[in-house]
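Asks: Provide a 3D model corresponding to the input given below.
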Amino acid sequence: MIQIHAYLTFNGNCREVMMFYKSCLGGELTLQTIGDSPLSQKMPKQMKDCILHATLTNDSLVLMGTDMVASKGLIKGNNISLSLKCISLEQIETCFEKLSEGGKIEHPLENSFWGALFGGLTDKYGNHWLLSYEK
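Replies: Numbering: from 1, shown residues only. This next block holds a predicted model:
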């Protein structure tokens, strides 16, 4: 089956953001810095501690990130949401609470017309999350 995973681009704070997401979502986080990669030779010294590739894995959840910004710069918009399908009431409540810390709740958790507990928020890093739990 084809799967889709979110790949987020940051401007120097990938490590901080991915550590935050790990504290919210659990799982295993792997980080590869530019300094620990073959790209190290070609990159400015100040970029050696930046993250080339990060992966947060927890069961079927895979969230990836990088500090490798394209030459046009980082452009943030509202065209991407991270959709988190939770497996229990406790999980959705915990994830929603943790992800919303320092951010903005746009749609509080509530029962939807399609039968799921649903909510939306923008986290403190400006990323939009949609959380659902089908009872």
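
Asks: check which helices and strands the helix or strand in which T55 is found sits against.
Replies: Taking DSSP states H and E as the definition, T55 sits inside strand 51-58. Counting contacts by 3 or more Cβ pairs under 8 Å, 6 or more residues apart in numbering; DSSP states H and E, strand 51-58 packs against helix 14-25, strand 28-33, strand 61-66. Quick note: C-beta positions are derived from backbone N, CA and C, even for glycine.

Asks: now do the helices in the protein.
Replies: Secondary structure of the chain (DSSP state H): helices located at 14-25, 89-100.

Asks: partners of the strand holding T55 in the sheet?
Replies: Taking DSSP bridges as the criterion, strand 51-58 forms sheet pairs with strand 28-33 (antiparallel), strand 61-66 (antiparallel).

Asks: picking up where we left off before, what about the helices and strands packed on strand 51-58, which gets the closest to Q41?
Replies: Nearest of the helices and strands packed on strand 51-58 to Q41, taken as Cβ to Cβ: strand 28-33 at 13.7 Å.

Asks: in the closest one, what's buried?
Replies: Of the residues in strand 28-33, L29, L31, T33 count as buried by neighbour count, 16 or more other Cβ atoms under 10 Å.

Asks: which one of the residues you listed sits closest to T57?
Replies: L29 (8.0 Å).

Asks: quick one: which of the strands paired with strand 51-58 is nearest K42?
Replies: strand 28-33 (14.1 Å).

Asks: related to what we said a few turns ago, contacts for the strand holding T55, please.
Replies: With contact meaning Cβ atoms under 8 Å, 6 or more residues apart in numbering, strand 51-58 is reached by 10, 14-15, 18, 21-22, 25-34, 36-37, 39, 62-68.
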